[in-house]
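In: Sequence first, then the predicted structure, then my questions.
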Amino acid sequence: MQDYLMRSLFTKLYFLFALGFVFSASGQTDEQSYSEEFNYGINFNTNAGLIGGFFFKWAKANGPKRYHNFGFELVNVKHPKENRFRNDITGNSFLAYKTNYLFVLRPFYGQEFVFFRKAAEEGVHINGILAGGPSIGMLKPYYILYLDRSGNPASAASIPYTPDLNLNQVYGVGNMTDGIDEMKISLGFHAKASLSFEFGQIKSSVFGMETGFLAEQFTRKQSIMAFAENQSFFYSAFFTLYYGRKY
């Protein structure tokens with residue numbers, strides 16, 4: 001199954017770069033080249049919820065149509081079987097059987113290839129990007145508000161979820177800062193391929209989007225959910241909206 005997923009991923013990546021070369025050969029523009037670029041933005045991906053995380057990148061010229069890039073992104077990785085439940089008494093919702101959040105810090109180094117330069121003050125600038133680097137996984141316990149019936153009156157306490165707890169006594173989600181001191185670190189690596197599309201009416205400003213695919217492998221399985229198969233390999237499609245400046 002994993003071999004099939006990898007073949008499918010590389011087929012899609014090949015299509016992305018083939019599309020970029022088509023744009024590269026489609027015409028000439030008069031945009032001036034730049035030596036440095038700094039971007040920051042918001043990441044959306046198929047392994048996360050509404051917002052996947054945050055993105056920062058710095059690029060430096062390494063030739064007329066090639067750039068080094070360095071940066072990092074911080075994302076939240078979810079298990080595909082996560083389901084949200086609602087407590088009928090409090091109206092609060094929680095993720096049943098979730099044991100840990102998985103946050104991943106991804107420092108990366110890559111190469112950018114200019115496929116198409118936009119006109120000086122209009123059009124679209126298209127780059128192809130190959131990048132990768134280490135993955136630092138941070139597993140933080142998932143805290144819930146659990147009804148403690150031992151006291152009089154009963155009260156809800158913030159505790160880490162464990163599979164032996166009764167879901168009917170879960171009143172909601174604990175504070176996001178609960179369990180930070182219990183965080184566990186795991187290491188891995190990632191690689192991605194993408195296309196970036198930059199827009200802007202002023203030469204020095206950048207507004208754009210980057211879309212592509214990412215594969216990530218950890219040294220051990222990441223324990224995110226109870227009663228579900230956890231994994232060490234993840235892949236996703238992603239979409240990043242960013243803003244920045246060229247120098």
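Out: Looks like it came in fine.

In: contacts, neighbours, all on C-alpha from now
Out: OK.

In: Helices along the protein, start to end?
Out: 2-24 (DSSP state H).

In: what are the ranges of the strands in it?
Out: Assigned by DSSP state E, the chain shows strands spanning 36-45, 53-61, 66-77, 84-86, 93-95, 100-116, 125-141, 143-148, 155-160, 170-173, 184-199, 205-218, 233-246.

In: wait, which of these is closest to A226?
Out: strand 100-116 (9.3 Å; CA to CA).

In: Partner strands of that closest one, with direction?
Out: strand 66-77 (antiparallel), strand 125-141 (antiparallel) (DSSP bridges).

In: Closest to the centroid, which residue in this structure?
Out: Among the residues of the chain, the one closest to the centroid is V75, at 4.3 Å (CA atoms, centre = their mean).

In: Can you give me the pLDDT of it?
Out: Reading off the confidence values, V75 has pLDDT 97.

In: and the residue lying closest to it once chain neighbours are set aside, bridged to which residues?
Out: Of all residues not flanking V75 in the chain, G53 sits nearest, at 4.1 Å (CA to CA, 6 or more residues apart in numbering). Listed beta-bridge partners, G53: N43, V75 (assigned using DSSP bridges).

In: do the same with Y143
Out: P160.

In: Any idea which helix or strand in the protein has the lowest mean pLDDT?
Out: Lowest by mean pLDDT, DSSP states H and E among the helices and strands of the chain is helix 2-24, with a mean of 47.

In: Thought L195 was touching T211, still the case?
Out: Yes - using CA atoms under 8 Å, T211 is in contact with L195, at 5.6 Å.

In: Switch the strands of the chain over to JSON lines; also include distance to M225.
Out: Listed next are the strands of the chain as JSON lines, based on distance: least, CA to CA, whole Å:
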{"stretch": "strand 36-45", "distance to M225": "19"}
{"stretch": "strand 53-61", "distance to M225": "20"}
{"stretch": "strand 66-77", "distance to M225": "12"}
{"stretch": "strand 84-86", "distance to M225": "13"}
{"stretch": "strand 93-95", "distance to M225": "10"}
{"stretch": "strand 100-116", "distance to M225": "7"}
{"stretch": "strand 125-141", "distance to M225": "11"}
{"stretch": "strand 143-148", "distance to M225": "13"}
{"stretch": "strand 155-160", "distance to M225": "13"}
{"stretch": "strand 170-173", "distance to M225": "15"}
{"stretch": "strand 184-199", "distance to M225": "15"}
{"stretch": "strand 205-218", "distance to M225": "16"}
{"stretch": "strand 233-246", "distance to M225": "15"}
